[in-house]
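K.L.:
show me the folded form of this:
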Amino acid sequence: MTQRVSGPPAASLRIRITGQVQGLGFRPFVYRLARAMGVRGTVANSSAGVLVLAQGPRAREFADRLRREPPPLARVTGFKVERARTASCPDFRIVRSRRGPGRAVDVLPDIATCPDCRRDILRPGDRREGYPFTNCTQCGPRYTIIRSLPYDRPRTTMAGFALCPDCRREYEDPADRRHHAQPNACPACGPKPFLLDRQGRRITEPDPLGRAAAMLAAGRVVAIRGLGGFHLACDATEPAAITRLRRRKRRPHKPFALMVENLAAARRFCRVTATGRDLLLSPAAPIVLLRRRARPSLAVADNVAPDNDRLGVMLASTPLHILVFARLRTRLGRDPVLVMTSANRRDEPLIAEDEELVRTLGRVFDAALSHDRPIANRCDDSVVLDGRPPVLVRRARGWAPTPVRLDPVFHVKHPTLALGGEMRSCFCLAAGNRAWLSPHLGDLSSPEAEAFFRDTLDRYLAWTGVRPTRLACDLHPDYLSTRLAERMSRELSLPLSRVQHHYAHAVAALTEVGSGPALALCFDGTGYGTDGAGWGCEYLMVGSNLKWLRAGHLRYLRLPAAGAVLADPARVAAAYLRQAGAERGRKRGVIGHPPGVPCSSLGRLFDAVAAISGVKRRATFEGEAPVALESAVDRAERAGYRFPVQASGDEQEPVIIEPGPALLAADEDSRRGLPGGRIAARFHNGFCRAAVEAGLLVARRYRLDRAVLTGGSFQNSILRTRIARGLRAGGLFVHHPVLVPLNDGGVSLGQAVAAGRI
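P.N.:
Down below sits the predicted model:
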């Protein structure tokens, strides 16, 4: 709560500031302000927040200034001021941190290198010239080095690096920007980089960064240890280097992320909007999904992201990466572009340790650029889709572990731990008005992944002080997250709530717009329905009390039950065409298979049309066919397939979107030789019109004036923008989640709120 002190002047004030207030120079900021105003007293970190004692005739003015003008990176959630009776202080000092039972401090995410530190490492003659672990109070590692709170060097992975006299002087100088910068270091006293070969042996090399750059310039694959774990890097302009990495990593088609030195380099091969620019340059420095340029002035190899009209781009945002790029530029004589993909086995956690890297991926890389600063908390890169507003695809570095603030109507009365869905695993720990989402954890299919999950959870429990009194999971009985929740429920003797997948999506989205009746369009690959069917194109009516009903959906088609169908869009197409009555479906191999599972999935419908159109007949990763279909769309095509929308007079019956005529029309166009891009466009055009028509029917039926768009299918920019535009034209307020991913990475938030508020 923010409070302004009134009444007669107080000799002493005690101030407690909570929120994201440690690890960003808050105490030095308080110190400098107090000294400038002639205020005496102390400031200290504690597990309950930043504690300030202010004395003197200007103490009240000081408190008001502090409340109104916090440091730029701070997020103050509580500011409590009370009179204090204490002995007079001779001056103002930063004193030792205090540990206590309270927990009111938010751990800061890692922060991209600031302009001042960038200048330090590139400035000839600077004592930090070329030093890859330079930082200050405004940048550098935070989440990935913190072991416990309050945030002080002894409780981070920098504890083993004693400050040299020069760094100590900076640390103690109130006028220095490294005043109380906990990870402060230099070449004399800080972490050191080194090179490893594929067997994990150190390579004797006076300039390991230069050697790594030389190997990258020669087309080799180099593992690079960043803030939260390793990346695998190679030259993104060399198709042979990318082919080598794909073959070794067994990743034939999934897009690779790219890293460039600066914004100018990104603009040479991508269209960078104002939103994209702000994201790339932000303290979070995420991967931003940008549209390719039709005529790039810097050619990125086609096999970086096959059948995809977007590229995932991030800027070099740590001193180590900045320095590698500087050496590469010198060697290549041009803007370097590197593939920078997470070093892990498929769907497993990011690798952070040298030994694990060598054991797991020793045959993938040619050398590894590592260092001796331990990583306390692994953290993958965040991913954001450029848009207005942008779409958060993966919430990790730069966001985690910052909590989501909940509107009073969504306050979680019973502290709840929610385990999320099957894919894009992410847990949520929620209590009161805050919900802490873990960074992206991968899936839970291996013992290593579950151990990573539990270790991350233990850290969150210790940092937040939250003790869950109930658990929440998905309704699907066979999800790994469900089974883990069941085990934890037995281990901890806690009740377990099972929350329907699309309802959880809807609640997560609604936390950003407040309560009240609303329409939720939940479009994705699949989710277990209350009737046992596979849902995935759902219109939910959510009441002000968060009670809900299924108000509309795509008509069920039976999906072949075999798990291999997810890798086989052609098989989905054959099954769907057979049910729609096409001769082609009868001839293409579904006869003899069991009837399958009733399914209203939009993702599977995209798979079918991708195969029918010839855009993508086989898939090697989840979402490959839908992404290819969106990328193939011929923007000049105006025709659209017919998706009849059926609404009976009985308001208890859901509105139904019928896909059969569109499937038959697409099949006929394909047989006539119509290009795949035009079929893709006709499918998008027709479905968007039907989706809007169905949405407005439901909204009128239940007198709704707002809608949320959620689910992984809304990562498709054509669907998202056209459906939102159509619903707005019909008089609805429309929103999609921006604080959490609209894919399954945000489901745990909805689960926690749905289970914990009642």
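K.L.:
so where's the stretch 101-250 of the chain uncertain?
P.N.:
Along the stretch 101-250 of the chain, the parts satisfying pLDDT under 70 run over 101-105.
K.L.:
so what's the residue count around Leu664?
P.N.:
19 (other Cβ atoms under 10 Å). All C-beta spots, glycine's among them, are computed from the backbone N, C-alpha and C.
K.L.:
quick one: what helix or strand has it in it?
P.N.:
Take DSSP states H and E as the rule and Leu664 turns out to sit in helix 660-671.
K.L.:
against which helices or strands is that helix packed?
P.N.:
Contacts defined by 3 or more Cβ pairs under 8 Å, 6 or more residues apart in numbering; DSSP states H and E place helix 660-671 against helix 569-580, helix 583-586, helix 602-613, helix 676-702.
K.L.:
please report how far the nearest residue to His371 once chain neighbours are set aside lies from His321.
P.N.:
Using Cβ to Cβ, 6 or more residues apart in numbering and skipping residues adjacent in sequence, the residue nearest His371 is Pro193, 4.7 Å away. Applying Cβ to Cβ, to the nearest Å, the value for Pro193 to His321 is 12 Å.
K.L.:
which one's more surrounded, those two?
P.N.:
In this view Pro193 and His321 are compared by other Cβ under 10 Å, and His321 has more residues nearby, 26 against 22.
K.L.:
ok, now which ones touch that one?
P.N.:
Counting by Cβ atoms under 8 Å, 6 or more residues apart in numbering, His321 touches Ile224, Gly226, Met259.
K.L.:
quick check, the first one in a strand?
P.N.:
This means Ile224. Yes: membership of Ile224 in a strand is supported by DSSP: H, G, I helix; E, B strand; the rest coil.
K.L.:
hey, what's it bridged with?
P.N.:
His231, Leu369 (DSSP bridges).
K.L.:
likewise the last one?
P.N.:
Legend: beta-bridge partners of Met259 under DSSP bridges are Met314, Leu338.
K.L.:
number of residues surrounding it?
P.N.:
With other Cβ under 10 Å as criterion, Met259 counts 28.
K.L.:
what comes up buried for the one helix or strand Ser481 maps to?
P.N.:
For Ser481, the host element (DSSP H and E) is helix 480-492. Residues of helix 480-492 classed as buried: Leu480, Ser481, Thr482, Leu484, Ala485, Glu486, Met488, Ser489 (neighbour count, 16 or more other Cβ atoms under 10 Å).
K.L.:
with stretch 119-139 instead?
P.N.:
Of the residues in stretch 119-139, those buried (16+ other Cβ under 10 Å) are 120-121, 128, 130-139.
K.L.:
what's the answer for stretch 346-361, then?
P.N.:
Buried, per 16+ other Cβ under 10 Å, within stretch 346-361: 347-354, 356-358, 360-361.
K.L.:
closest one to Leu540 out of those residues, please.
P.N.:
Leu540 has its nearest neighbour among the buried residues of stretch 346-361 in Asp347, at 28.7 Å by Cβ to Cβ.
K.L.:
returning to what we had before: now the helix holding Leu664, how far from the centre of its chain.
P.N.:
The chain centre lies 37 Å from the centre of helix 660-671; the measure is Cα atoms, centre = their mean, to the nearest Å.
K.L.:
average model confidence for it?
P.N.:
Across helix 660-671, the average pLDDT comes to 97.
K.L.:
and that helix with helix 602-613, angle?
P.N.:
Angle, helix 660-671 to helix 602-613, by axes from the mean of the first three to the mean of the last three Cα atoms, to 10 degrees: 30 degrees.
K.L.:
hang on, isn't the residue nearest to His371 packed against Pro208?
P.N.:
Yes: at 4.9 Å, Pro193 counts as touching Pro208 under the criterion of Cβ atoms under 8 Å.
K.L.:
anything in contact with each of these two?
P.N.:
Leu369.
K.L.:
quick one, domains of the protein?
P.N.:
12-94, 193-383, 403-509+748-756, 513-736 (automatic domain parsing).
K.L.:
can you put those in CSV and add distance to Tyr151?
P.N.:
Output for the domains of the chain, formatted as CSV (distance: least, Cβ to Cβ, whole Å):
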stretch, distance to Tyr151
domain 12-94, 4
domain 193-383, 12
domain 403-509+748-756, 10
domain 513-736, 33
